[in-house]
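In: what's the 3D shape of this:
(one chain, ligands or ions: 3)
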Amino acid sequence: MPHRPLRLALLGCGTVGSEVVRQLRARHDDLAARIGAPLELAGIAVRRPELRRDVDVDPTLFTTDAAGLVGREDLDIVVEVMGGVEPARSLLLTAMSRGASVVTANKALLAEDGATIYEAADIYGVDVYFEAAVAGGIPLIRPLRESLAGDTVQRILGIVNGTTNYILTRMDEEGVTFADALAEATELGYAEADPSADLDGLDAAAKAAILASLAFHTRVTIGDVHREGIAGLSAAAVSAARDMGYVVKLLAICERTARGIGVRVHPAMIPRTHPLAGVRDAYNAVFVECDAAGQLMFYGRGAGGPPTASAVLGDIVAVGRNRVRGGIGTGESAYADLDVRPIGETITRYHVNLDVADRAGVLAQVATVFARHNVSIQTVRQIGRGDDAQLAVMTHTAPDAALAATVDDLRDLDVVRAVASVLRVEGEEGA
Ligand SMILES: NC(=O)C1=CN([C@@H]2O[C@H](COP(=O)(O)OP(=O)(O)OC[C@H]3O[C@@H](n4cnc5c(N)ncnc54)[C@H](O)[C@@H]3O)[C@@H](O)[C@H]2O)C=CC1
Ligand SMILES: N[C@@H](CC=O)C(=O)O
Ligand code: NA
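Out: Ligands and ions are numbered 1, 2, ... in the order given. Coordinates of the predicted model:
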């Protein structure tokens, strides 16, 4: 006997939402066959129903009463693509309390207060799926949640923000200024409405928190993530890295450490030969390093309407199948409850560019500061002469706290006119 149609409500109809509607319509019959029941759009919550959209929608589906829509008793799936913590959180909680499963692309909400959402799903016996929340169309959540559930993840290293990767690519390859590259990214529709979420690393930190939670079976929130954005990065630092055979990328790194886990987002230099160095423009790529599976790489479009909607539709099919067959999929797994350790305990390397006085004895003074903090120098070279003299120092690995204290003390040296740039160096051994 054919299954009754599954009723679906959409919250938000912007870049992702309108593409979800378009793809739902374009693949209606295939989706019905894959799920075992047709999907029926019951309503779309929007702010301005009169707005012209890229997709044809029956205007009677639009409502400005999102709370009324999710309060209905007859919904099977609520798809949230409006973004932001509130009212998205309250709307999803209401939807779940009425028995609907939830599909969301909202990394900000999940990284801020995923616990409330997962607990509600548990209480009401419904699904929460969120493949689109990290790295858009790239399947990454499901591999971590399901395919790798039998393995032990040691480390995740990736580029998870398309906007900043676009900016850094343009600065590195064409010498475009930061401001011009940002304007281009905005024009191309990669940047958030408020691009500071991209530039300050907030978007990447939310994604890192979600990835770390899944990989380490531990509740990690955005507040646990050490975060540095790219706003302070100079064109000079990017071009100095290029001259040395490195490229600067905004990285998200989640790793097991001696005493727990570390989760961080910051710009870093990686060797030009590293696979992540070739990830250009708004593309994302994520390495996952496991005990048994070894190194895995996930690559593709991390932003934009069509790829993100592809991830949303995949979740709709998964949730729909659970509805048709009965039962629910994987829920939150936070049993390991590992400690999120401070950035100071991270073992890493620094590359430091110093504007220095060009006279005898300067190198010795600089080297003494590194030695005082037990930071070993791998290479040091002088660039320029006289007023343009710079020392470029590459360290060996050391605790981040020791490296940071070294840089603080270097600033106090009379012979150091300025600390021109400080960048961590990643990806030299393996991924
Ligand atoms: N655009 C992208 O490339 C990606 C977006 N996402 C996530 O998907 C979600 C949606 O993103 P976009 O579609 O790009 O944003 P958008 O700004 O284009 O669309 C959001 C829509 O929701 C509507 N909305 C917001 N609050 C509302 C409310 N209270 N009631 C009714 N409508 C409301 C807005 O008017 C807007 O039309 C966000 O959580 C975002 O972080 C995730 C991956 C990639
Ligand atoms: N602004 C984000 C969109 C997707 O998450 C990005 O640039 O990656
Ligand atoms: Na994804």
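In: so where do the strands sit in the stretch 301-431 of the chain?
Out: 347-356, 377-383, 390-395, 398-399, 416-425 (DSSP state E, counting those that start in this stretch).
In: so how far is the second one from its chain's centroid?
Out: Centroid displacement of strand 377-383 relative to its chain, using CA atoms, centre = their mean, to the nearest Å, is 33 Å.
In: which parts of it are buried?
Out: Val380 (16 or more other CB atoms under 10 Å). Glycine gets a C-beta too; all of them are placed from N, C-alpha and C.
In: I'd like to check the angle between that strand and strand 390-395, please.
Out: Strand 377-383 and strand 390-395 are oriented at 170 degrees to each other (axes from the mean of the first three to the mean of the last three CA atoms, to 10 degrees).
In: possible to save the strands of the stretch 301-431 of the chain as JSON lines with mean pLDDT?
Out: Converted to JSON lines, these look like this (pLDDT from 0 to 100):
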{"stretch": "strand 347-356", "mean pLDDT": "95"}
{"stretch": "strand 377-383", "mean pLDDT": "93"}
{"stretch": "strand 390-395", "mean pLDDT": "95"}
{"stretch": "strand 398-399", "mean pLDDT": "97"}
{"stretch": "strand 416-425", "mean pLDDT": "95"}
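In: Quick check, pLDDT for the residue lying closest to Thr346 once chain neighbours are set aside.
Out: Counting by CB to CB, 6 or more residues apart in numbering, Asp400 is the residue found nearest to Thr346 once chain neighbours are left out, at 4.4 Å. Looking at Asp400, its pLDDT is 97.
In: and what of Val134?
Out: Looking at Val134, its pLDDT reads 97.
In: Contact partners for it?
Out: 107, 140-141, 160, 207, 210-211 (CB atoms under 8 Å, 6 or more residues apart in numbering).
In: can you redo those residues as a markdown table with secondary structure and neighbour count?
Out: Listed next are the contacts of Val134 as a markdown table, based on DSSP: H, G, I helix; E, B strand; the rest coil; neighbours: other CB atoms under 10 Å:
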| residue | secondary structure | neighbour count |
| --- | --- | --- |
| Lys107 | helix | 26 |
| Leu140 | coil | 28 |
| Ile141 | helix | 21 |
| Val160 | coil | 30 |
| Lys207 | helix | 29 |
| Ile210 | helix | 25 |
| Leu211 | helix | 28 |
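In: need the residues of the stretch 251-400 of the chain near ligand 2, please.
Out: Proximity of the stretch 251-400 of the chain to ligand 2, by CB under 6 Å from any ligand atom, involves residues 302-303.
In: Which stretches in the stretch 251-400 of the chain count as helices?
Out: Per DSSP state H, counting those that start in this stretch, the stretch 251-400 of the chain carries helices over the ranges 305-325, 362-372, 400-411.
In: Ala42: which of those helices is closest?
Out: When the helices of the stretch 251-400 of the chain are compared by CB to CB, helix 305-325 sits nearest Ala42, at 13.3 Å.
In: now the closest one, how far from the centre of its chain.
Out: A distance of 21 Å separates the centroid of the chain from that of helix 305-325, by CA atoms, centre = their mean.
In: Also stretch 90-101?
Out: Centroid separation for stretch 90-101 versus its chain: 26 Å, with CA atoms, centre = their mean.
In: For the residue of the stretch 1-150 of the chain found nearest ligand 1, give me the pLDDT.
Out: Closest to ligand 1 within the stretch 1-150 of the chain is Gly14: 1.9 Å, counting by CB to the nearest ligand atom. Per-residue pLDDT puts Gly14 at 91.
In: thinking again about what came up before, of the helices of the stretch 251-400 of the chain, which stretch is the most buried?
Out: Highest mean neighbour count of the helices of the stretch 251-400 of the chain: helix 305-325, a mean of 21 (counted as mean count of other CB atoms under 10 Å).
In: what packs against that helix?
Out: Packing partners of helix 305-325 (3 or more CB pairs under 8 Å, 6 or more residues apart in numbering; DSSP states H and E): strand 6-11, helix 15-26, helix 28-35, strand 77-80, strand 101-104, strand 128-129.
In: that older thread, using JSON lines, lay out the contacts of Val134 together with distance to ligand 1.
Out: Output for these, formatted as JSON lines (distance: CB to the nearest ligand atom, whole Å):
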{"residue": "Lys107", "distance to ligand 1": "6"}
{"residue": "Leu140", "distance to ligand 1": "12"}
{"residue": "Ile141", "distance to ligand 1": "12"}
{"residue": "Val160", "distance to ligand 1": "10"}
{"residue": "Lys207", "distance to ligand 1": "9"}
{"residue": "Ile210", "distance to ligand 1": "11"}
{"residue": "Leu211", "distance to ligand 1": "14"}
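In: CSV for these, including distance to Ser376 and pLDDT?
Out: Listed next are the contacts of Val134 as CSV, based on distance: CB to CB, whole Å; pLDDT from 0 to 100:
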residue, distance to Ser376, pLDDT
Lys107, 38, 96
Leu140, 36, 98
Ile141, 39, 98
Val160, 31, 98
Lys207, 33, 98
Ile210, 36, 98
Leu211, 31, 98
